[in-house]
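**Student:** Take this sequence and fold it.
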Amino acid sequence: MSIDTTVEGEEGSITAAATWLRSSLRRELDGAADDVTEARRTATSGFHGEAGDAYASYGREVLGHLDDHAARVGRAAGVFDDYAARLGRFRSAMEGFRAQARGGGLVVSGAVIQAPVPA
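**Tutor:** Numbering: from 1, shown residues only. Predicted coordinates:
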């Protein structure tokens, strides 16, 4: 019975996705929070009373959601980084198994370790 040691996936693609989450999406969320903060500051200077209080409360809520989402994006990027590292370790382990099989006299074709030939 042969053993296929193929490892699907590319660490670089996963790391690129993590980088995009961190450098593009999270940066845009931070920019949106800055825009909301500025709009809130501008609007509340003209709003007074209940309308001003309501708008200020709504602005805080929007900022809270943006901050929460930015934190989730950051955590997701970390999960991607961790997965890419695990995938790399797994790929290295499979390469080691193939080398060990070759060293033990087994035939290795690509990523497949062939069954021993009966004696």
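**Student:** buried residues in stretch 12-20?
**Tutor:** Buried residues in stretch 12-20, counted by 16 or more other C-beta atoms under 10 Å: 14-15, 17-18. Where C-beta positions appear, they are placed from N, C-alpha and C, glycine not excepted.
**Student:** counting contacts, what elements does the lowest-mean-pLDDT helix or strand in the chain pack onto?
**Tutor:** Least confident helix or strand, the chain: helix 26-44 with a mean of 88, by mean pLDDT, DSSP states H and E. With contacts taken as 3 or more C-beta pairs under 8 Å, 6 or more residues apart in numbering; DSSP states H and E, helix 26-44 sits against helix 49-103.
**Student:** Provide the angle between the direction of the helix it packs on and the direction of helix 26-44.
**Tutor:** 180 degrees (axes from the mean of the first three to the mean of the last three C-alpha atoms, to 10 degrees).
**Student:** and helix 49-103, what does it pack onto?
**Tutor:** helix 11-20, helix 26-44, strand 108-109, strand 112-113.
**Student:** can you list contacts of the first one?
**Tutor:** So that's helix 11-20. For helix 11-20, contacts defined as C-beta atoms under 8 Å, 6 or more residues apart in numbering pick out 76-78, 80-81, 83-85, 87-88, 91.
**Student:** still on that earlier bit, what's in contact with the least confident helix or strand of the chain?
**Tutor:** Against helix 26-44 from outside (C-beta under 8 Å, 6+ apart): 52, 55-56, 59, 62-63, 66-67, 69-70, 73-74, 77.
**Student:** The same query, at a cut-off of 10 Å, please.
**Tutor:** 20-21, 47, 51-53, 55-56, 58-60, 62-74, 76-77 (C-beta atoms under 10 Å, 6 or more residues apart in numbering).
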